[in-house]
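[1] what shape does this take:
(one chain, ligands or ions: 1)
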Amino acid sequence: MNETTADVVIVGASATGSLAGREAAKRGASVLLLEEDSLPGKFHKCSGLYSKRGIEKLNVDYSGFFCNEIKGANIHAGKHSFTVQKKESIALVLDRQKLDEALCQQAIDAGAKLQTSQKIMRKNENGIASQNSMFGFRYLIGADGVSSTVAHLYNFPSIGNGNIAMCYEAEFDNCNIENPELVDVFLDRKIFPGFFGWIIPSGGKKARIGFGTTKHAALKIAFNSFFALPQVQQVRGDKTLRDFWHAIPLRTRKVTQKQNVLLVGDAAGQVKSTSGGGVVFGGQCAMLAGEIAARNCNGENLNYEAAWRKKFGKVLKTHRAIRKIFDAVPTPLHKLTVFGFDKLFVSKLVEKFGDMDYIASVK
Ligand SMILES: Cc1cc2nc3c(=O)[nH]c(=O)nc-3n(C[C@H](O)[C@H](O)[C@H](O)COP(=O)(O)OP(=O)(O)OC[C@H]3O[C@@H](n4cnc5c(N)ncnc54)[C@H](O)[C@@H]3O)c2cc1C
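    Now for the predicted structure:
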């Protein structure tokens, strides 16, 4: 069996693992990124929609894989619909796989080493292991997604099945897109309990169309009901470019650090529960994890769990509170209408606080 050691070993070379690796390597730590697939990245299992302000915090040049700009949304709930739109673009649609590859390349350029086709399966007192190799570490970062093996091996508390949205998305070509600057969001507790549906124009005549729900037993009904929606039928193109099922954690794990083992990104549940977006917050927490691991290897004694909760805990809790309100009423818009929050009010609210990631202030 091969044996390798590094200051910081990171399991998962998608967005958050690469960001952690980049930040740790930049600070002089020896970094090893381990990826079970033959290539780094999430292979497009993501809508690729990021707030402009958020993606800029990750310090990556996305000009080579930019797909579209978004200025607002058509919100649908049952028979009710309204549009909120800003003058300037608030979000970007990117090629997710190319984003991951660019982030991984940044980590390598900073000095990290990448080993692909290394699926981590077990641990012992010397470290973690794939089928043929053993990896020793001073710090271990689990960036291995929603069903994290690192979390499992080190007995972190589970996220809980009721807090996982199972999602389907397909990208279609030859779509009938009325306004490429607007996404469509479908809020309907009957069709998508616990989550929602979406149409995201992704450049030219392409659109990423999907839905998610936390009621996994109702997936087939949700699928049929979603694709029967008139708006979806109208937009949907005749050519399917790709499709996938994947899960999104909608709450953080109660514990994300055990001594020198840290969890980041989906493995930690660092995701906005309103939208399921995890790249911006998970990415920034991962940057913090990489920095802290490297600095601790250099003799400091910093606590990752306390640091990320102090910086992002409040904003993630706000997203979770909004999610709970959405889930608690038959359809959010009915409730808003009942309380007199008409579309003018909502559009003003979105204009003011509509930045997709930052609902509450971030220190
Ligand atoms: C349908 C859908 C749409 C989404 N849309 C958006 C969006 O528009 N915007 C947004 O911000 N977020 C979106 N998300 C969420 C986003 O994709 C995740 O939050 C993000 O990918 C988390 O990144 P990560 O690096 O933590 O995990 P992942 O991207 O899941 O990467 C985990 C990596 O670990 C590797 N791995 C796993 N197990 C092992 C192992 N045992 N050994 C070695 N390697 C392993 C995997 O191969 C993978 O490369 C969406 C998610 C879904 C499902």
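[2] how about the helix or strand hosting Ala306 against the ligand, any contact?
    Using DSSP states H and E, Ala306 sits in helix 304-328. No - Helix 304-328 does not reach the ligand (CB under 6 Å from any ligand atom); its nearest approach is 12.0 Å. C-beta here means a position set from N, CA and C on the backbone, and glycine is covered the same way.
[3] now do that helix: which elements does it pack against?
    Applying 3 or more CB pairs under 8 Å, 6 or more residues apart in numbering; DSSP states H and E, one finds that helix 304-328 makes contact with helix 279-297.
[4] can you check what angle separates the helix it packs on from helix 304-328?
    For helix 279-297 against helix 304-328, the angle by axes from the mean of the first three to the mean of the last three CA atoms, to 10 degrees is 160 degrees.
[5] could you find the closest non-adjacent residue to the residue minimising distance to the centre of the chain?
    Most central in the chain under CA atoms, centre = their mean is Gly278, positioned 2.2 Å from the mean C-alpha point. Leaving aside its chain neighbours, Gly278 sits nearest to Val271 (3.8 Å; criterion: CB to CB, 6 or more residues apart in numbering).
[6] can you report phi and psi for the one you found?
    Dihedral angles of Val271 (phi, psi; degrees, to the nearest 10) stand at phi -130, psi 140.
[7] return the residues of the stretch 151-300 of the chain in contact with the ligand.
    So the stretch 151-300 of the chain meets the ligand at 167, 169, 210, 246, 248, 265-267, 271, 276-280, 282 (CB under 6 Å from any ligand atom).
[8] what sits against Leu219?
    Each residue near Leu219 by CB atoms under 8 Å, 6 or more residues apart in numbering is listed here: 166, 168, 213.
[9] neighbour-wise, which one of the residues you listed leads?
    Within the contacts of Leu219, neighbour counts (other CB atoms under 10 Å) peak at Thr213, which reaches 24 neighbours.
[10] right, and that one touches Pro193 too?
    Yes - with contact defined as CB atoms under 8 Å, Thr213 reaches Pro193; the gap is 5.4 Å.
[11] who's in contact with the residue nearest to Gly278?
    248-250, 252, 277-278, 281-282, 316.
[12] same thing with Lys205?
    173-175, 177, 237.
[13] from the residues of the stretch 151-300 of the chain next to the ligand, list the buried ones, please.
    When these are checked for burial by 16 or more other CB atoms under 10 Å, the buried set is 167, 169, 210, 246, 248, 265-267, 271, 276-280, 282.
[14] what's the farthest-apart pair in those?
    Within those, two members stand farthest from each other by CB to CB: Gly210 and Ala267, at 22.2 Å.
[15] hang on, the earlier thing: is it possible to get TSV of the contacts of Val271 that adds distance to Ile55 and pLDDT?
    Formatted as TSV, these follow (distance: CB to CB, whole Å; pLDDT from 0 to 100):
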residue	distance to Ile55	pLDDT
Ile248	18	95
Pro249	20	95
Leu250	21	92
Thr252	21	93
Gly277	10	87
Gly278	13	93
Phe281	12	92
Gly282	13	97
Leu316	18	83
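[16] out of these, which is nearest to the ligand?
    Ranked by distance to the ligand (CB to the nearest ligand atom), the contacts of Val271 are led by Gly278 at 2.0 Å.
[17] helix or strand for Val84, which one?
    Applying DSSP H and E, one finds Val84 within strand 80-85.
[18] listing partners with orientation, what would you give for that strand?
    According to DSSP bridges, strand 80-85 forms sheet pairs with strand 72-77 (antiparallel).
[19] report the distance from the strand it pairs with to the chain centre.
    Put simply, strand 72-77 sits 21 Å off its chain's centre (CA atoms, centre = their mean, to the nearest Å).
[20] and it with the ligand, contact?
    No - residues of strand 72-77 contacting the ligand under CB under 6 Å from any ligand atom: none, with a closest distance of 13.0 Å.
[21] use 29 as the first number from now on
    Shifting the count to begin at 29 puts that one at strand 100-105.
[22] just the CA coordinates for that strand, please, in CSV.
    Output in CSV follows, covering the C-alpha atoms of strand 100-105 (Å, rounded to 0.1, in the frame of the first residue of the first chain):
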residue,chain,number,x,y,z
GLY,A,100,-34.7,39.3,-11.7
ALA,A,101,-37.3,36.7,-11.3
ASN,A,102,-40.9,35.7,-12.2
ILE,A,103,-42.3,34.3,-9.0
HIS,A,104,-45.2,31.8,-9.4
ALA,A,105,-47.3,30.4,-6.6
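[23] mind listing what Val213 touches?
    101-104, 224-226.
[24] looking at these, which is nearest the ligand?
    The closest of the contacts of Val213 to the ligand turns out to be Trp226 (CB to the nearest ligand atom; 8.4 Å).
[25] just to revisit the earlier point, would you turn the contacts of Val213 into TSV with pLDDT and neighbour count?
    As requested, those are arranged in TSV below (pLDDT from 0 to 100; neighbours: other CB atoms under 10 Å):
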residue	pLDDT	neighbour count
Ala101	88	23
Asn102	90	18
Ile103	86	23
His104	87	22
Phe224	89	27
Gly225	93	27
Trp226	94	25
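[26] most neighbours of all the contacts of Lys233, which one?
    With neighbours taken as other CB under 10 Å, the top of the contacts of Lys233 is Cys203, carrying 23 neighbours.
[27] cool, thanks, talk later.
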